[in-house]
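Asker: Sequence first, predicted model second:
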Amino acid sequence: MINKMVVFSYFFLCVGVLACSQREARREAQDSPASPEKKSIKIRKPQISGEELFQANCVSCHNKDARKLIGPGMAGITKRRKKEWIIAFIKNSQALMASGDKEAIALFDQYNKAVMTSFMFSNEEMEALYKYLETL
Ligand code: HEC
């Protein structure tokens with residue numbers, strides 16, 4: 001009688017262990033993706049915001065409105081100047097002056113020859129920044 005009970009409990013113990021290990025195995029199978037596509041992490045490029053670029057790089061010298069700061073206010077800048085000129089100025093205003101650009105030279109004199117920082121933005125960043133300037 002006692003022997004039977006021992007055999008029975010042993011049997012149930014085995015069934016229990018087996019069931020648990022199977023569940024574990026199933027869970028592992030779910031966790032690890034079956035296909036390589038699932039495994040690869042998609043790195044999405046953060047959207048470059050022109051406003052953020054402006055806030056981070058320009059507000060120390062430029063107001064968003066027409067008021068002067070270190071440099072002229074940016075309100076309506078894209079209506080006053082050509083796109084190529086603005087981009088060239090942001091990239092390197094000194095080079096623009098050296099090329100003999102009269103508007104850049106006049107502005108430089110007007111602003112007490114304060115040299116504006118040159119910015120190495122990517123084309124994408126420059127477009128985003130320009131789009132933001134258009135809104136001012
Ligand atoms: C260290 C100060 C400084 C920073 C930073 C700066 N600028 Fe300027 N910016 C100037 C000054 C000063 C002028 C006036 C011209 C000169 O002195 O060269 C100017 C002129 C300009 C002009 C021509 C304005 C006009 O009326 O034609 C544009 C456009 C311009 N800046 C855009 C920017 C943008 C966009 C940024 C940020 C990416 C920026 N600037 C960052 C100082 C700065």
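Answerer: Here it is on my side, so go on.

Asker: near the ligand, which residues of this structure?
Answerer: 57-58, 60-62, 70-72, 77, 81, 86, 89-90, 93, 107-108, 111, 114, 116-117, 119, 129 (CB under 6 Å from any ligand atom). Every C-beta, even on glycine, is put in place using the N, C-alpha and C of the backbone.

Asker: Repeat the analysis, applying 8 Å as the threshold.
Answerer: Residues of the chain lying close to the ligand by CB under 8 Å from any ligand atom are 53-54, 57-58, 60-62, 70-72, 74, 77, 80-81, 85-86, 89-90, 93-94, 97, 103-104, 107-108, 110-117, 119, 121, 129, 133.

Asker: Narrow the residues you listed to those in strands?
Answerer: Using DSSP state E, no member of the residues of the chain next to the ligand falls within strands.

Asker: Just the buried residues of those.
Answerer: 53-54, 57-58, 61-62, 71-72, 74, 77, 81, 86, 89-90, 93, 97, 104, 107-108, 116, 119, 121, 129, 133 (16 or more other CB atoms under 10 Å).

Asker: Tell me where the chain has helices.
Answerer: Ranges of helices in the chain, per DSSP state H, are 2-31, 36-39, 50-57, 77-80, 83-98, 102-110, 123-134.

Asker: Residue ranges in this protein under the pLDDT threshold?
Answerer: Low-confidence segments of the chain (pLDDT under 70): 1-46.

Asker: ok, Phe119 touching Asn57?
Answerer: Yes: contact criterion CB atoms under 8 Å: Phe119 and Asn57 qualify, at 6.4 Å.

Asker: Hmm, Phe89 and Ser118 touching each other?
Answerer: No: contact criterion CB under 8 Å: Ser118 and Phe89 do not qualify, at 9.6 Å.

Asker: and Ala104, what does it touch?
Answerer: Trp85, Phe89, Ser93, Leu96, Met97 (CB atoms under 8 Å, 6 or more residues apart in numbering).
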